[in-house]
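# Have a look at this prediction, sequence included:
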Amino acid sequence: MARVKQVAFYGILIVVFAIFSNYIIKIGLKSTYNNISGKVKITAPEITMTEVKTTDVNGYAKGTIKNNLENDIDRIYIKIDLFSKRDVNLGTKYLEINNLASGEIRDFQIDYRFSNVSYYEITCVYEK
């Protein structure tokens, strides 16, 4: 019986250590992301950026898109251009948005893998 208690104790200890290490890793990764600024160059549909963060090698952009037009949008692409400190275009990412009804609001996230991003510009296009 003592042997079963000892094995159970070590099993619980391993599980607690795994949970603790995952928590510490998540905190460490979140602290490496830095906020970057940029601008949205369109007014229709309305795009609001809630969070744009980057590291040395990747990043993400979160926001909302609202169809403030009178008609529905069948297909539109959110285009994000990512720039360095010296105004060099490091890359462009597209996110396809389908069937956006008039007045509808939708959340989106664009992930990217570009190094040394300093700022961004957001536009919408109807073709890639």
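The structure has been received and is ready for your questions.
# From here on, just use CA atoms for contacts and neighbour counts.
Noted.
# what's across from the residue most central in space within the chain in the sheet?
Closest to where the C-alpha atoms of the chain average out (Cα atoms, centre = their mean) is Y60, at 3.1 Å. On the basis of DSSP bridges, Y60 is bridged to K53, D111.
# can you tell me how far it sits from R113?
9 Å (Cα to Cα, to the nearest Å).
# roughly how far apart are the residue nearest to the centre of the chain and V4?
On the measure of Cα to Cα, Y60 and V4 end up 48 Å apart.
# Please name the nearest non-neighbouring residue to I78.
Closest residue to I78 apart from its sequence neighbours, by Cα to Cα, 6 or more residues apart in numbering: C124 at 4.7 Å.
# pretty sure the one you found is in a helix, no?
No: read with DSSP: H, G, I helix; E, B strand; the rest coil, C124 is strand and lies in no helix.
# And the residue lying closest to N99 once chain neighbours are set aside, what's its pLDDT?
Sequence neighbours aside, D74 is the residue nearest to N99 in space, at 4.5 Å (criterion: Cα to Cα, 6+ apart). At D74, the model reports a pLDDT of 92.
# List the residues that contact the residue nearest to I78.
For C124, the contact set (Cα atoms under 8 Å, 6 or more residues apart in numbering) comprises 42, 76-79.
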